[in-house]
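sequence below, structure please.
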Amino acid sequence: MERARRMVAVAAVFGAVVAVPATAQAQAEATGAGSVGAVDITVDGVSAHADPIAPCVVDTTAEGRTDPITVGTRTKYGLGSTTCTRNADGTASVKVTGQRFETSVLQQFGGPVIKARTFGAGCNTTANGSNGYMSLGTVTGITVPQNIPPNHVITIPGATPGAPPMAEVVLNELVVPVPADGSLTTNAMHIKLFPQGGPASGDILVGSASCSPFGL
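Just a heads-up that it's a prediction; the model follows:
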């Protein structure tokens with residue numbers, strides 16, 4: 001299995017913008033939420049779960065912080081923090097930072113240990129839309145491009161020829177509803193275990209920020 005180690009400093013902004021009638025704008029208020037990550041996986045029949053870690057919500061929970069934690073026995077997050085802010089002009093901003101993420105859930109199947117020394121995600125609302133950004137630093141276990149496009153997918157193949165993939169790793173994941181309504185969610189990393197079926201299933205999120213100009 002190829003492994004790569006490189007510094008990645010990404011501050012790219014990608015967003016979705018939608019216009020709505022002025023009457024609708026007046027009836028709703030921008031909001032946002034963030035978390036250091038979340039885990040919901042099952043490996044060989046054993047589940048590991050963590051609700052959004054160190055969550056923040058605009059106007060409800062201004063910030064969250066977490067000490068290093070281990071979810072199950074094979075997924076770890078280091079120190080992390082989130083900040084959700086109501087700006088003076090009524091817009092909303094979310095910022096998430098974390099460090100020393102590591103998961104070895106694929107190692108028992110012949111896959112890599114995936115690590116990110118640092119990670120971050122964030123978003124901001126505008127008058128009629130939102131934009132998002134993310135960052136990853138010193139990633140190992142997967143090959144990461146220097147500049148990460150939205151929804152960049154890395155497939156981790158099965159251990160034997162013809163076997164289904166062990167995982168899909170989505171970097172700079174941008175989730176926008178259809179039809180677009182100006183809201184978005186940005187995940188720095190989203191690991192999907194055995195997406196075509198196998199001995200493990202579920203999702204691991206690393207750095208997540210959601211914004212909506214007209215309420216989530």
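
can you get me a residue count around the nearest residue to residue 138 once chain neighbours are set aside?
Leaving out its chain neighbours, the residue that sits closest to residue 138 by C-beta to C-beta, 6 or more residues apart in numbering is residue 117, at 3.7 Å. (C-beta placed from N, C-alpha, C; glycine too.) As a burial measure, residue 117 scores 17 neighbours (other C-beta atoms under 10 Å).

just checking: what are the partner strands of the helix or strand encompassing residue 117?
In the assignment (DSSP states H and E), residue 117 maps to strand 114-125. As defined by DSSP bridges, the strand partners of strand 114-125 come to strand 92-103 (antiparallel), strand 129-140 (antiparallel).

need the residues that contact stretch 157-166.
106, 109-111, 155-156, 193-198, 200 (C-beta atoms under 8 Å, 6 or more residues apart in numbering).

and that stretch, which residues are buried?
Under the neighbour-count criterion of 16 or more other C-beta atoms under 10 Å, stretch 157-166 has 158, 165, 166 buried.

and what of stretch 63-74?
Buried residues in stretch 63-74 (16+ other C-beta under 10 Å): 64, 66, 69, 71, 72, 74.

distance between the strand holding residue 117 and the chain's centre?
Offset of strand 114-125 from its chain centre (C-alpha atoms, centre = their mean, to the nearest Å): 7 Å.

now that strand - C-alpha only, PDB.
C-alpha atoms of strand 114-125 as PDB (Å, rounded to 0.1, in the frame of the first residue of the first chain):
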ATOM      1  CA  ILE A 114      -4.400   7.500   8.200                       C
ATOM      2  CA  LYS A 115      -3.100  10.400  10.000                       C
ATOM      3  CA  ALA A 116      -3.400  14.200   9.800                       C
ATOM      4  CA  ARG A 117      -1.100  16.300  12.100                       C
ATOM      5  CA  THR A 118      -3.300  19.300  11.800                       C
ATOM      6  CA  PHE A 119      -6.700  20.000  10.200                       C
ATOM      7  CA  GLY A 120      -9.300  22.700  10.000                       C
ATOM      8  CA  ALA A 121     -12.600  23.700   8.500                       C
ATOM      9  CA  GLY A 122     -14.700  26.800   8.400                       C
ATOM     10  CA  CYS A 123     -17.500  28.700   6.600                       C
ATOM     11  CA  ASN A 124     -19.000  32.100   6.400                       C
ATOM     12  CA  THR A 125     -22.400  33.300   5.300                       C
END
